[in-house]
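In: Fold the following, please.
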Amino acid sequence: MQKSLIIIPTYNEIDNINLMVNKLFSISNELHVLVVDDSSPDGTALEVKSLQQKYKDKLFLLERKEKRGLGTAYITGFKWALQKPYDYFFQLDCDFSHNPDDLLRLHKVLKDQDSDLCVGSRYISGINVVNWPLSRVLLSYCASWYVRLITCMQVKDPTAGFTAYKRKVLESIPLDDVEFVGYAFQIEMKFRSWMKGFKILEIPIVFKDRERGVSKLDSSIIKEAVWAVLKMKIKSLFSSSYK
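Out: Have a look, this model is predicted:
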């Protein structure tokens with residue numbers, strides 16, 4: 001996984017960050033990892049700094065002064081990464097809901113197949129979600145259907161957070177114009193990529209609910225996603241930044 005960067009946004013992930021970082025470097029000693037931490041009061045950033053002694057010049061940390069949301073964390077990470085010679089960029093949750101071993105599969109798709117963006121999809125081959133209550137599964141599945149209906153983008157799991165980009169995709173998107181910060185951020189990035197004609201390929205993964213730490217999902221994030229899809233679709237008809 002040469003020239004590959006894994007971007008991990010964190011807030012209060014002290015229970016997971018050590019395990020995750022060590023797991024990633026056990027998968028491949030060639031990849032690099034960037035943690036974007038929003039001043040976690042539990043000491044997540046301090047743990048990353050300690051791990052940097054072990055993974056010198058491979059593990060990087062950006063500390064932000066306050067909690068500003070998932071989307072802005074990734075945008076901060078993308079901007080930092082585009083100043084470096086990486087070819088492949090991966091989004092990964094710190095809580096092990098995404099299996100780090102699947103990074104190799106996403107990387108292979110981008111490297112060997114005609115794809116510009118690869119999505120680790122919960123819904124491309126049925127519903128592959130473990131330990132979620134039925135209400136949350138239905139909410140997520142219906143949200144995916146709603147996104148496809150409004151945008152006409154045929155991605156089965158548009159809210160997925162386990163994604164991989166080729167460099168040219170991120171370079172083509174005006175990152176300062178990306179508006180949304182919660183689940184809607186994931187939708188917006190895929191929609192902007194699709195609008196620009198990039199090929200999106202989904203591969204099946206098993207999504208497992210976190211075992212350690214506290215979920216960041218709340219009702220405000222869900223409401224943002226509902227309205228964001230409509231707003232995004234309307235703006236795409238008039239704004240040149242989507243084309």
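In: rest of the way, CA atoms for contacts and neighbours
Out: Fine.
In: Could you check the pLDDT of residue 214?
Out: Per-residue confidence (pLDDT) for residue 214: 57.
In: With residue 70 instead?
Out: 89.
In: Might you report the residue contacts of it?
Out: Residues near residue 70 by Cα atoms under 8 Å, 6 or more residues apart in numbering: 9, 181, 182, 185.
In: ok, 7 Å please
Out: 9, 181, 182 (Cα atoms under 7 Å, 6 or more residues apart in numbering).
In: just those residues now: which is nearest residue 154?
Out: residue 182 (20.8 Å; Cα to Cα).
In: my read: the closest one touches residue 69, true?
Out: Yes - between residue 182 and residue 69 a contact is recorded at 6.5 Å, counting by Cα atoms under 7 Å.
In: Compare these two (neighbour count), which wins?
Out: residue 182 (23 against 19; other Cα atoms under 10 Å).
In: ranges for the strands of this protein?
Out: 4-10, 32-37, 59-63, 88-91, 117-121, 129-130, 163-166, 200-204, 207-208 (DSSP state E).
In: sorry, back to before: for the contacts of residue 70, which one is nearest residue 158?
Out: For the contacts of residue 70, the residue nearest residue 158 by Cα to Cα is residue 182; the value is 12.7 Å.
In: Could you list the low-pLDDT ranges of the chain?
Out: Applying pLDDT under 70 to the chain flags residues 210-225.
In: quick one, phi/psi of the residue located most distally from the centre of the chain?
Out: Residue farthest from the centre of the chain, counting by Cα atoms, centre = their mean, is residue 238 at 26.8 Å. Phi and psi for residue 238, reported as degrees, to the nearest 10, are phi -120, psi -20.
In: I appreciate the help and will end here.
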